[in-house]
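Colleague: sharing a model prediction with you, sequence too.
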Amino acid sequence: MFSKTISFFTIAVFLFCFSAFSQQKFTLSGSITDAKNNETLIGVNVYIPQLKTGTTTNEYGFYSITVPQNNYTLQISYLGFEMIEQAVELDKNSKINFQLTNLEEQLKEVIVTDNRKATNIQKAEMSVNKLSIASIKKMPVVFGEVDVLKSILLLPGVTNAGEGASGFNVRGGGADQNLILLDEANIFNSSHVFGFFSVFNPDAIKDLKLYKGGIPARYGGRVSSVLDIYQKDGSSKGFHMNGGIGLISSRLLAEGPIVKDKGSFLIGGRASYGHLFLKLANNKNSAYFYDLNAKFSYKLNASNSIYLSGYFGRDLFSLDQQFSNTYGNATLNLRWNHLFSDKLFSNLSLIYSDYYYGLDLDFIGFKWDSGIKNYNVKYDFKNYISDNFKLNYGINAIYYNFNPGTLKPSDAESGINYDQLEKKHAFEPALYIEAEHNISKKISLSYGLRYGLFYRVGQSNVNTYANNQPVLFNSEFQIYEKAKPIGSIFYSKNKTIANFSNFEPRAAIAYQFNDNQSVKISYNRMVQYLQLITNTSSPTPLDIWTPSDQFIKPQIANQVALGYFRNFKDEMYSLEVETFYKKVKNRLDYIDGADLIANDAIEQVLLNGQLRSYGLEMMLRKNEGRLNGWISYTLSKSQQQTPGRNAEETGINGGKWYNSAYDKLHNVAVTASYKQTEKWTFGANFSLQSGQPVTYPNGQYKYLGITVPSYGLRNENRLPTYHHLDLSATLTPRKNAGRTWKTEWVFSIYNVYNRPNAASISFKQDSQKGGNEARRLSIFGVVPGISYNFKF
């Protein structure tokens with residue numbers, strides 16, 4: 001029996017070896033760039049029709065595919081570029097680089113997902129949206145200023161707190177739960193002018209991708225979404241400039257070769273000038289912003305490239321020279337791409353990110369500085385093992401410096417004394433591995449695991465409390481109150497104050513019914529160790545980031561999503577339907593009357609609660625033709641709960657679930673672009689959202705002759721429904737054809753029917769009639785816009 005088993009095993013091994021030999025495989029790899037400027041292209045489809053298989057280029061334009069020896073026809077396709085079909089005789093490992101030619105007439109199409117729809121049907125990737133910069137520039141926006149963040153609000157599952165609100169909310173989560181990356185560097189505040197504009201110069205952006213669920217294991221640190229944005233590399237073939245002049249701001253970008261076909265530079269600037277009109281009117285108030293994008297690339301040889309990219313932006317706001325506010329981001333990233341072989345690609349990054357907030361109150365006599373800095377080292381590998389199996393793995397480590405606030409006298413005569421709120425430090429290392437696995441022609445998998453650690457470290461003084469409870473419950477008045485510290489402990493530099501570790505599994509599976517439809521399901525677990533201290537529905541510059549510690553626990557999210565995807569009429573139309581459920585542990589809540597600004601013992605006003613959200617998302621897209629765009633609808637619910645810590649405590653809102661500040665039951669978005677002629681293109685956006693949850697007074701009483709309002713349960717009321725219609729027209733002069741200097745005019749009208757959407761509703765006593773009245777604050781009515789764009 002034993003000898004028979006040995007014989008059977010020997011035969012099996014022989015057959016396997018024979019099969020492997022007869023099915024000898026070779027690897028085809030290379031990079032794909034824009035023929036005009038050598039800009040690497042992300043997400044280009046490399047497809048082999050004979051095998052019905054393919055791959056896409058990575059974040060650096062590299063592709064690799066391993067298939068059996070044979071003669072093939074290779075199809076290279078990308079939105080806005082001419083498709084290449086090339087015969088390839090694959091009888092050895094080969095490296096072929098491709099350059100795609102830009103097709104100007106296709107740049108006005110709106111494509112939200114991967115450029116080849118069949119790839120979307122097959123891949124296990126879901127809950128992901130991609131926007132082309134060309135389509136973003138055609139969308140009508142306020143003042144005619146192109147805005148990357150405002151464009152993603154037209155996607156299903158994405159909302160914000162309304163006009164003039166910074167940040168965005170994904171699937172019922174907070175704006176602080178979104179990881180925003182610019183060339184891998186963390187952006188902590190994504191808005192200019194308190195939310196009216198985003199910090200991203202559209203001329204400098206190459207690629208934008210939003211992950212709402214099924215988030216790959218290489219991302220961590222936030223629990224709702226990842227917005228991954230890459231800057232352009234710059235042209236290594238010739239010098240080019242482009243820019244635009246608008247009503248509020250202007251921009252200019254220059255790019256060109258350092259060494260032709262090897263090195264390039266890109267420098268872009270943008271600035272607003274609305275404050276200049278105030279000065280002409282003898283108005284001493286001022287508000288303006290500026291930012292700078294820069295990138296330098298150099299190809300050392302066929303296997304090594306280096307990149308240095310950076311961003312610097314500032315907002316300045318002042319009132320009559322008595323009050324001034326300065327805030328903004330700064331980032332720097334040095335990267336090294338190395339190709340170990342035609343199957344193994346790596347990227348090493350050294351990243352610096354800084355968010356600064358400054359306040360100068362001359363009439364009081366003090367200056368206030370706060371911010372957060374981080375230093376990040378990450379090393380990522382992509383291993384193209386076969387055409388059916390790809391492996392990604394890597395490590396990263398981030399060190400944080402938190403400055404909650406520094407108070408300084410503005411001059412020698414100020415009566416303010418210097419004060420420094422306790423600075424905080426943290427260290428967050430992590431490692432991950434993830435796989436893309438095609439089991440068969442119908443089934444594909446994506447799965448991975450991330451292991452993250454977090455250390456809150458000294459140097460710092462930490463308060464101690466009786467029973468380790470910084471918040472007490474007053475049973476007599478049924479309210480939460482601050483506890484008084486009973487002492488403090490000093491932790492020396494880099495000594496551990498608190499530490500956490502968590503496994504974060506991610507998985508997704510796709511089942512393909514045929515070439516045009518599939519069903520997908522995904523699960524991801526995310527952990528967030530940084531918390532934003534805020535009591536507003538959208539982030540403000542005054543908000544403070546703080547690390548998890550012995551009192552503030554890390555947020556832990558579990559999300560599952562199920563989706564159906566289908567293409568119609570030869571991929572002219574696409575339908576995406578997804579349903580999701582997400583639950584977040586340790587979501588921060590605040591006791592009534594919490595004071596958050598300049599609080600050196602913030603743990604005294606915080607409670608750990610939980611957040612849940614669930615919903616249905618639908619999107620119907622028209623991908624081709626003169627008229628293209630999409631219609632999206634989201635039906636969702638987002639709720640928060642903070643129960644009592646024991647039977648005696650009531651918790652927040654009686655311990656019951658209540659509407660979170662990000663709850664929007666209905667969200668409808670329609671966007672369309674119509675190319676009438678080569679000269680005229682028209683665009684339209686319509687957006688409708690349920691009103692923001694708020695808390696209105698439900699009564700009043702008098703105390704010592706003063707009328708005092710009383711309030712009901714949190715967020716049981718809503719602002720009126722939010723909606724607006726925007727239109728745009730783009731004029732491209734016919735004389736552009738064949739000219740080096742090319743121009744276009746963009747005319748837009750924001751909020752065409754002048755809807756007074758409520759940013760807030762306040763209640764005051766009418767001084768004449770003596771009764772109470774509600775007052776609506778609206779930011780925008782109808783707003784016309786015009787901008788002039790050029791390139792050469």
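Modeller: Here it is on my side, so go on. Numbers count the residues shown, from 1 in each chain.

Colleague: use CA for all of it now, contacts and neighbours both
Modeller: Will do.

Colleague: can you name the residues bridging to Thr642?
Modeller: Per DSSP bridges, the residues bridged to Thr642 are Ile652.

Colleague: whoops, I mixed them up, Ala294
Modeller: Going by DSSP bridges, Ala294 forms beta bridges with Ile267, Gly310.

Colleague: pLDDT at it, what is it?
Modeller: Looking at Ala294, its pLDDT reads 97.

Colleague: who's in contact with it?
Modeller: Ala294 sits next to Phe265, Leu266, Ile267, Gly268, Ser309, Gly310, Tyr311 when contact means CA atoms under 8 Å, 6 or more residues apart in numbering.

Colleague: against Lys742, how distant is it?
Modeller: Going from Ala294 to Lys742 by CA to CA, to the nearest Å gives 23 Å.

Colleague: what do you get for Glu476?
Modeller: According to CA to CA, Glu476 stands 74 Å off from Lys742.

Colleague: list of residues touching stretch 420-430?
Modeller: By CA under 8 Å, 6+ apart, stretch 420-430 touches 395-407, 450-461, 546-547, 598-600.

Colleague: kindly report the same for stretch 662-672.
Modeller: Residues contacting stretch 662-672 (CA under 8 Å, 6+ apart): 139, 154-157, 159-161, 169, 172-174, 537, 627-639, 683-693.

Colleague: if you set the cut-off to 7 Å instead, what comes out?
Modeller: Around stretch 662-672, the neighbours that count as contacts under CA atoms under 7 Å, 6 or more residues apart in numbering are 154, 169, 172-174, 627-638, 683-693.

Colleague: same check, this time on stretch 342-356
Modeller: The contact list for stretch 342-356, computed with CA under 7 Å, 6+ apart, reads 27, 29, 64, 185-186, 188, 327-339, 370-385.

Colleague: ok, now with 6 Å
Modeller: 29, 327-339, 371-384 (CA atoms under 6 Å, 6 or more residues apart in numbering).

Colleague: repeat that for stretch 317-326.
Modeller: In contact with stretch 317-326 (CA under 6 Å, 6+ apart) are residues 284-287, 315-316, 357-363.

Colleague: what's near enough to touch the most centrally placed residue in the chain?
Modeller: Closest residue to the average C-alpha location of the chain: Leu227 at 2.4 Å, with CA atoms, centre = their mean. For Leu227, the contact set (CA under 6 Å, 6+ apart) comprises Ile180, Lys209, Leu210.

Colleague: from Ser77, how far out is Phe780?
Modeller: Phe780 is 42 Å from Ser77, where distance means CA to CA.

Colleague: who's more crowded, these two?
Modeller: Using other CA atoms under 10 Å, the more surrounded residue of Phe780 and Ser77 is Ser77, with 20 against 17.

Colleague: secondary structure element for Tyr121?
Modeller: One thing to correct before we go on: residue 121 is Ile, not Tyr. helix 117-122 (DSSP states H and E).

Colleague: for the helix or strand just after that helix, packing partners?
Modeller: Next along the chain after helix 117-122, taking DSSP H and E as the criterion, comes strand 128-130. When contacts are defined as 3 or more CA pairs under 6 Å, 6 or more residues apart in numbering; DSSP states H and E, strand 128-130 packs onto strand 205-211.

Colleague: give me the residues contacting the strand it packs on.
Modeller: Contacts of strand 205-211 (CA under 6 Å, 6+ apart): Val128, Asn129, Lys130, Leu131, Ser225, Val226, Leu227, Asp228, Ile229, Tyr230, Gln231, Lys232.

Colleague: okay if I get those residues as CSV plus distance to Lys520 and pLDDT?
Modeller: Formatted as CSV, those follow (distance: CA to CA, whole Å; pLDDT from 0 to 100):
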residue, distance to Lys520, pLDDT
Val128, 12, 92
Asn129, 15, 91
Lys130, 18, 87
Leu131, 21, 83
Ser225, 19, 96
Val226, 20, 96
Leu227, 22, 96
Asp228, 22, 95
Ile229, 25, 94
Tyr230, 27, 93
Gln231, 31, 93
Lys232, 32, 93
